Every structure is written in structure tokens, then in C-alpha cells.
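Chemist: Any chance you can model this:
(2 chains)
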Amino acid sequence: MNTIYTIDLMNTVYTIDLTLKPTTFDLWHVCLAGTVALLLLILIVLLISRAMCKKKPAIQQAVQIPEPVVKVVEKIVEVEKIVHAPTPEPVVLKEATPDAALQLLGLLQKEARFIDFIKEDITAYSDADIGVAARVVHEGCNKAVNEHFSLAPIRSEQEGSKITLPDGFDASAVRLTGNIVGAAPFTGTLVHKGWQVTNIRLPKLTQGHNAAIIAAAEVEL
Amino acid sequence: MSEQFIHEQPEATKSNVVQGASNEQKRFSVGIDLGTTHCVLSYADLSKIDDEEFTQQVMAIPQLTSPGAVEDKAQLPSFLYQAHPAELAEGSTSLPWTAKPEYLVGEIARNLGSKTPIRLVASAKSWLCHAGVDCKSPILPAEAPDEVERVSPFQATTAYLQHLRDAWQNQHPDAPLERQDVVITVPASFDPAARELTVEAARAVGLGQAILLEEPQAALYSWIEKSQGDWRKHVEVGDIILVIDVGGGTTDLSLIAVTEKDGNLELTRVAVGDHILLGGDNMDLALAYTVKAKLEKEGKRLEPWQIQALTHSCRDAKEKIFNNSEVDNIPLVVPNRGSSLIGGALRTELTRDEVNRVLVEGFLPKVPASDKPISRPRTGLRTAGLPYAQDAGITRHLAAFLAKQQSATDELKDINLPEHATFLHPTAVLFNGGVLKANALADRLMDVLNSWLKAEQAPEARLLAGADLDLAVARGAAYYGFVRKGKGVRIKGGTAASYYVGIESSMPAVPGMAPEIQALCIAPFGMEEGTQQELPDDEFGLVIGEPVRFRFFASNIRREDKVGTRLDYWTDQELDELDEIEITLSEEGRKPGEVVPVHLCAAVTEVGTLELQAVSQKDNGRWKIEFDVRAGDEQ
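Modeler: Model prediction:
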């Protein structure tokens, strides 16, 4: 960018030079030439300084981006340190109980033939056939999910609208992406309204019920 | 297991007696809707209720939904499944209160039964009111092979009540249901025998204190409760409210008049309709058969399981079409039963046109007010099934009901029917039952009714808004428990029919002719709960130890007959013959074979059942007359 400007300037100077073949040369001409030269000088200074200004943020960003990266690296190192350290308390991660997951698979299979659909090789079928099956799956999943979960959006605002997040917002409920700089309150565009389960009504299981059997084999007599 | 539970019960009751000895007040008012297809229990905590504010909740009923899974649902499907011993894994049928329930009821019964109908007991309630069968003999499932253990309609009803009671006990261990106010609803069209059986079923699960309420009345109570005192602004003196209750299996009609007494509005139930076995299930089946016919035209043969699946998807599709005016057709897919989902699926669609033609035109045809349901003579040999309505036209049944009840309000001075009226003119309508949630059906019903009214220059009937069509009956029943404490307006009613016994007249016998029979009125129309009427003049000589049977009749239009009125002649419309009644004079302190002169006495109990007694003239000894005598038929 900078170079282009300079070439332009040189051209201008060159053109001025060409037309400035004086027939007479008096004090007015001197003054005029001086003024033109001065204006050009101011112009050059202005343009350069503007170009410099434009460059600055880019430089800042370039400087800032590496910063978090550096931080993350530091954090990882810290975690590693904790793991290796003998004394501090170990972090106990919650283990998901397999029963609930199996139950959900069972419900989706029962209502929506979910496993049948996923396990089938669909390459041989036409889109029309798959579409017919998709109706069964969609309808059933919808029923199974609505029956056992109450779902609500996390943000009630229209997707695509600007929203402002105050200091101390719940980072697990709202995820920031993109140009994350500065401090809260953050203003940005709501890309996805989010979903949360407000109530869950999974069937209770009887003792000794084998949840791993998500669909019993069926034999008609 | 259930036995063990019963054994534990007195313990709990005892401790509660000690605790609540000073406080005899019942804490909860509980309403039980014992429906043909679903049961609902709603309850209110009376100790938390101020004089005006009434709040209640519907109990979540834990029930097995599939083997090994228990879910809470607001409704308990009224189905019972007789599983094969090898069918279910050990321990997969436990409930929160018992490891092995005596009967499988609720969602699991319906689910298993949809694939194995020969083991499914459904519509037990309709059997209770089915003349000609013994409701205490094991007859259900009717179509089952011999090796399937059968239950009686009475046992099935008891099993549903038992489940509701156990679920309550599990959630309210310190407030046993047998110590609460319990109201159980029955169709207004239930005959005395069916009401008696319902009360007996309640007694069998320890709910001896339960009282009965007619379902259409419960629906109106619920509407009154929901209006929060505003109901007086929506009805006025002279109104006749028509309650139309179209449930899953039955259609029930009632008329309630609004009158004035001492400046207060009064509600009187003036008429109830016949027991019509016609409801939402018929509609779903009708749609499935329409779609089946369409598929067969395309050369596709359907197996029974496919028709079953089709009925299910028709129900969902119908609701979508009714609820969304922009949708004109809904694709129906019946997938393959095997694990291969894609390919082999049956695909068709249900169009708005078909739904309108089959449901709106088929079930609610535009007919004149003078129309009557078509009834074909029954074929001589009837299969052992329920007497389903032969005419699916609900509007025809409604027309016949209103015409038949034209003089229902003659004795009420606040209600004046125009001279030229050919049927009773309702001024307001209250809907009940899930079927009428569909606007297309509700609107059509109002249109047809209003067209009849318009033809007789009567003002259009208005729809009473704000009813909760699915839960109103249970909610209204719980509210009734509160009303009975004198806290709100009470619908007056009494018996919905007058009752007669058949007496052979003393005429010379004519060969080849059955002896002429007279109908002797023993209970007049509108007998209030807690009242009794004696018939001292007509004496019968009964032989000790020998059962004597009488033919028994009811009329829901003869309001003027008094106790002792004898009818020599009546039309089929006037009197309906019910099951025979039976008197057996026990031998206690008497000689077998002795003839005792008795007279008859009719009473309506506080519970809401009719009780007939034979009273000895000599020593005032009393014997109960049994309604449900069908039990003796097979002996």
C-alpha cells in the first residue's frame, strides 16, 4: 500500500516537473513553487502517518494473538506439574453412568428405530427411500425427546441480533467465539440460541433390568 | 405381594388414627376418573384451601411402560395384560411398591397388548354396563384362547383402582387413601348394577367411603372451579346446559338446567342419555381402514400388525391436520418390522379431505333435528362382544336424545320451551373428552346443533369456554369433594331414571303368547341421595330359601310416575329393560319353604347407588335385592 502511494506521488511530482518549464521566472513563481512543494510535503507526511496508523492495529493484533497461545502453553505445563506433583489432591472426574446412556439409546430405538437407521448401510438406497425412513426417525426422536426431556433455549433473543453479556456471565452456558478481546461487558452477535434441559424424566429401572439390551429380539408365534 | 401389602395396611392406619385422633377432618379431596381408556387421579389438599381459593393437582402415576422400566404419567391407561409365564424376565415387572404386581396394568399392558391382542383386556368399563353378561365371571379377554387366564370386568376395574390406591399410598404414606374424601366418576348412563359394581370394586381395595359422581356433572364442576367464581356471569336463569362428553370409547350426554331459588342460581341435572359405545377409538380405526382401502386399491396387502401401526399413525396425523390449518396432507409410514428400516416401508398419506370426509361427515353428519340413529336388527347369533353403537353418527344420537328429552324441563318454571319446539332447546354447550379438542369436530357439532335451533327460531347455543377436556372429569370430582362440604354450588340431580319391576298380570293364559306383563314403579325419577321410598301396598309372597327373579326396567323420560304406578303398555323408547333382579330370602331363623309376605323398598344411598330391599310385613325383616344376578345364569 505504502509503495503505491509513493509511486503516485512521484508521478505527480513528475507531472508537475514537466509542466513547470518556466518561460518567466519571478518571485511569484518562486512563491507558487514553494507553496506547491510545501503542500506536497504536508500531503506526504499526512499519507505516511495515516498508513502508519492503519498498520498499527494489525501489529497490535499480531502481537496479541500469540499472547493467549503462550498462556495456554503455560497452563498445560502447570497441569502437567500438578499431575507429577505427589501431594496435591487429584481431580476426580465425574464418570457418566452407562445406564442412562443405554436407556436413552433404548428409548430412541423404541420410538424412532434410531439404531436400526444408524446401523443400516444407506449407500444402496435412493434419497426417496431414505427420506421415508427419515420421517419415522424424525417423528420418533421428536416424541422420545419431548416425552423425556424439557428443552428450553438458553438465550431468548432472536438469533443474529446483538446481545451484551455482563461481567461474570456463565461461561458454561454462553460460549464466546471470534474476536475475544477487552473486558466484560461483551457485545456480540447471537449465533445460536443454545439449548438446555430444564427437566428430565427418564424411566426408572427395575432391579436386575439389563439396560444393555436396548431392543429385545422379537419372535412371533 | 399385594397380599403382604394389604396386611401391612392396618398397621399404617392404626398409627395414623393415633396421630390424627384429635383431627377427624380428612386432609385430601381425591377425584378418580375411572375412564374406559384412561384413569386419572386429581387431588386437593383441603387443609391448605381458603374458603374461595381452590387449588388441586393431578397425581403422577408411576407405571411400567415396558418390561423393566417405570415411568410417571398423568394418565393410567385402563388396560390389563395377562402375560404368559415365559414372556417376561424375572423381576422386570416390579413397581415402586411391590416386586410383583398381581396384574399388569397401564402403559405396559397397552404396549404389550398392541402386539399380542389375545392377552389384552380393554374396555372393561363398557362390559360393566353390558346387559346379559355376568361381570364377576372371568370372560375377558373375550377372544382369548382357552389357556389364557381370564379375568372378570369387575376384577379388571378393581385392578386399576388398586394401582391408583397403591400409587397414592406410595406418595402419601402418612395420608392413607381410605381415610380421604374419594369421589369416583361413572358415566351418567351407567345402570344401577354397573354403579353398584363400581362401588364394590372400590370397597375391594379398601375405599369403602368412596362416593360416585356422574362424569358430565364432574365436567361441569371442573368448569365452575376453573372459572373461579365467574361462572355466574356466563350462565343465567333459564339456561339449559348440554354436556357432550366424547371419550375414547363412549359418548355420554347430559342436560343441566339453570334455575333460581331464593335469589341464588341452582343447577339441576334434568336428563341423561343412553350408554353409547362410540368414541375417539372408533374414529382412529375408521381412518386406518380408509387408508387401508386406499393401499389395497394400489394392490398392497396389509398384515394385521400393519393395520395396528397404521391406526397409531392415523391418530397422530389426524391431530396434526386438525391442529394446523395449513397442512393438507400428512405422510404415513409403516416401517418394516425387522431391523432393516429403509426399504420395505409402507408409505402413503392421509389428506385433509379424507379426514373431513371420514370424521367430520362420517361421525358428525349434518342431519335434521328429527333424525334418529339407524339401527339394524341384530343378527340372531351375536358374538360375545360389546354392543357397539351401530350408527356412528354422533349428531343423530344427539338429535334423538334432545327429541326424547323434550319434556325434561316441564316442571321447572324458570325454563320455557316454545310451543312449537320438537326437541329440547339447549342454550349452552359444555364439551368434554379428548376428541373434541379438534376444532373441526367441535365447530361442526356446534354448527349442527345451531342449525336445529335456528330452524325453530331459537337463539343459538353458546359454547362454555375454558374447559380442560382431558383432565376435567378427575378435577371436577376432586372439586366435588370440596363442594360436598358446603363450599360451592352443588348440582342437584338424584336418580336419572325411574325404575320398575315386571309383574305378570292376572289374565287368562293364551296359548303361544307370553303372559302379559305390567311394569310396577318402585323408584321414581330424581330420587335424591339419602332418601328412600316404600311401596307397602303391593305385596309379594316369597318362599324362604328360593331365589325369586323379577324383570327390571328403567325409564329416563317418565318423570311423572310415582311409586306404585302400574303401566300396562309402554313403547320401546319409554322403558329400557335391564338385567333381572333377584331376591333370596335367607333361612336365618325361618323354616325353608315358608311363604313370607314382603313389600319393596327403594333407597338411594349417600354413595349414589340404588338399593332395593324386600321388607317383611310381619317383623320388618329386610333382605337386599341383588342387581348383578347374572352370576347365577351359568349355574
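
Chemist: Check what pLDDT residue 103 gets.
Modeler: Here I'm looking at chain A. pLDDT recorded at A:Gln103 is 90.

Chemist: my question was about chain B
Modeler: 93.

Chemist: list the contacts for it?
Modeler: When contacts are counted by Cβ atoms under 8 Å, 6 or more residues apart in numbering or on different chains, B:Tyr103 is found next to B:80-82, B:151, B:155-156, B:159. Placement of C-beta: from N, CA and C, glycine included.

Chemist: So which bits of the stretch 301-450 of chain B are right by chain A?
Modeler: Listed as neighbours of chain A in the stretch 301-450 of chain B under the rule Cβ under 8 Å from any Cβ of the partner chain: B:316, B:331, B:333, B:335, B:337, B:339-343, B:345, B:347.

Chemist: out of these, who's nearest B:Ala458?
Modeler: Checking these against B:Ala458 by Cβ to Cβ gives B:Asp316 as the nearest, at 39.1 Å.

Chemist: Which residue comes closest to the closest one once chain neighbours are left out?
Modeler: Among residues not flanking B:Asp316 along the chain, A:Glu139 sits closest, at 7.6 Å (Cβ to Cβ, 6 or more residues apart in numbering or on different chains).

Chemist: hang on, that neighbour packs against A:Arg113?
Modeler: No. Checked against Cβ atoms under 8 Å, the pair A:Glu139 and A:Arg113 is beyond contact range at 10.2 Å.

Chemist: Got the domain ranges for chain A?
Modeler: A:2-82, A:98-174+A:184-200 (automatic domain parsing).

Chemist: mean pLDDT lowest for which of these?
Modeler: domain A:2-82 (a mean of 52).

Chemist: CSV please, covering the contacts of B:Tyr103 and showing pLDDT, neighbour count and distance to chain A.
Modeler: Below are those laid out as CSV (pLDDT from 0 to 100; neighbours: other Cβ atoms under 10 Å in any protein chain shown; distance: Cβ to the nearest Cβ, whole Å):
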residue, pLDDT, neighbour count, distance to chain A
B:Leu80, 95, 26, 19
B:Tyr81, 94, 23, 16
B:Gln82, 93, 22, 15
B:Val151, 93, 20, 22
B:Gln155, 95, 22, 24
B:Ala156, 95, 27, 23
B:Ala159, 96, 26, 19
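
Chemist: For those, which two are the farthest from each other?
Modeler: Longest span within the contacts of B:Tyr103, Cβ to Cβ: B:Tyr81 and B:Gln155, 13.4 Å.

Chemist: close to chain B, is stretch A:207-221?
Modeler: Yes. Against chain B, stretch A:207-221 shows contacts by Cβ under 8 Å from any Cβ at A:207-210, A:218.

Chemist: out of A:Glu139 and A:Arg113, which sits in the busier spot?
Modeler: Comparing A:Glu139 with A:Arg113 by other Cβ atoms under 10 Å in any protein chain shown, the one with more neighbours is A:Arg113, at 23 against 16.

Chemist: Just list the residues touching that one, thanks.
Modeler: So A:Arg113 contacts A:133, A:136-137, A:140, B:335, B:341 (Cβ under 8 Å, 6+ apart).

Chemist: quick check, nearest of these to B:Ile374?
Modeler: B:Pro335 (38.9 Å).

Chemist: Same list, the contacts of A:Arg113, but as CSV with secondary structure please.
Modeler: Listed next are the contacts of A:Arg113 as CSV, based on DSSP: H, G, I helix; E, B strand; the rest coil:
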residue, secondary structure
A:Ala133, helix
A:Val136, helix
A:Val137, helix
A:Gly140, helix
B:Pro335, coil
B:Leu341, coil
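
Chemist: Scan the residues you listed and report the most crowded one.
Modeler: Going by other Cβ under 10 Å, B:Leu341 tops those with 27 neighbours.

Chemist: How about the contacts made by that one?
Modeler: Contact analysis of B:Leu341 by Cβ under 8 Å, 6+ apart lists A:113, A:116-117, A:120, A:133, A:136-137, B:335.

Chemist: these two touch, right, B:Phe363 and B:Arg396?
Modeler: No. The criterion here is Cβ under 8 Å, and B:Phe363 misses it with B:Arg396 at 10.0 Å.

Chemist: quick one: which of those two has more around it?
Modeler: Ranked by neighbour count (other Cβ under 10 Å), B:Phe363 and B:Arg396 place B:Phe363 first, with 23 against 20.

Chemist: Distance check, that one against B:Leu285.
Modeler: The spacing between B:Phe363 and B:Leu285, counted by Cβ to Cβ, to the nearest Å, is 12 Å.

Chemist: One more: B:Arg558?
Modeler: 36 Å.

Chemist: out of those two, which sits in the more crowded spot?
Modeler: B:Arg558 (20 against 15).

Chemist: Name the helix or strand for that one, please.
Modeler: Assigned by DSSP states H and E, B:Arg558 falls within no helix or strand.

Chemist: List the buried residues in stretch A:170-180.
Modeler: Judged by neighbour count using 16 or more other Cβ atoms under 10 Å in any protein chain shown, stretch A:170-180 contains no buried positions.

Chemist: Quick one: end-to-end distance for that stretch.
Modeler: 16 Å (Cα to Cα, to the nearest Å).

Chemist: now what about it, what contacts it?
Modeler: Residues outside stretch A:170-180 that contact it (Cβ under 8 Å, 6+ apart): A:154-155, A:165, A:186, A:188, A:191, A:194, A:196.

Chemist: If any of those are buried, put those into a PyMOL selection.
Modeler: Buried residues among these (16+ other Cβ under 10 Å), as a PyMOL selection:
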select buried, chain A and resi 165+186
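
Chemist: Looking at the contacts of stretch A:170-180, which are in strands?
Modeler: Judged by DSSP state E, the subset of those located in strands is A:165, A:186, A:188, A:196.

Chemist: wait, doesn't the first one sit right on A:Phe186?
Modeler: What that stands for is A:Leu165. Yes. Contact criterion Cβ under 8 Å: A:Leu165 and A:Phe186 qualify, at 4.7 Å.

Chemist: near chain B, which residues of chain A?
Modeler: A:103, A:110, A:113, A:116-117, A:119-120, A:122, A:125, A:129-130, A:132-133, A:135-137, A:139, A:201, A:203-210, A:218.

Chemist: redo that, cut-off 6 Å
Modeler: Listed as neighbours of chain B in chain A under the rule Cβ under 6 Å from any Cβ of the partner chain: A:113, A:116-117, A:120, A:125, A:129-130, A:132-133, A:135-136, A:203-209.

Chemist: re the thing from before, specify which member of the contacts of A:Arg113 is nearest to B:Leu267.
Modeler: When those are compared against B:Leu267 (criterion: Cβ to Cβ), the nearest one is A:Gly140, at 46.0 Å.

Chemist: Is it correct that that closest one is in contact with A:Ala112?
Modeler: Yes. Judged on Cβ atoms under 6 Å, A:Gly140 makes contact with A:Ala112 at a distance of 2.6 Å.
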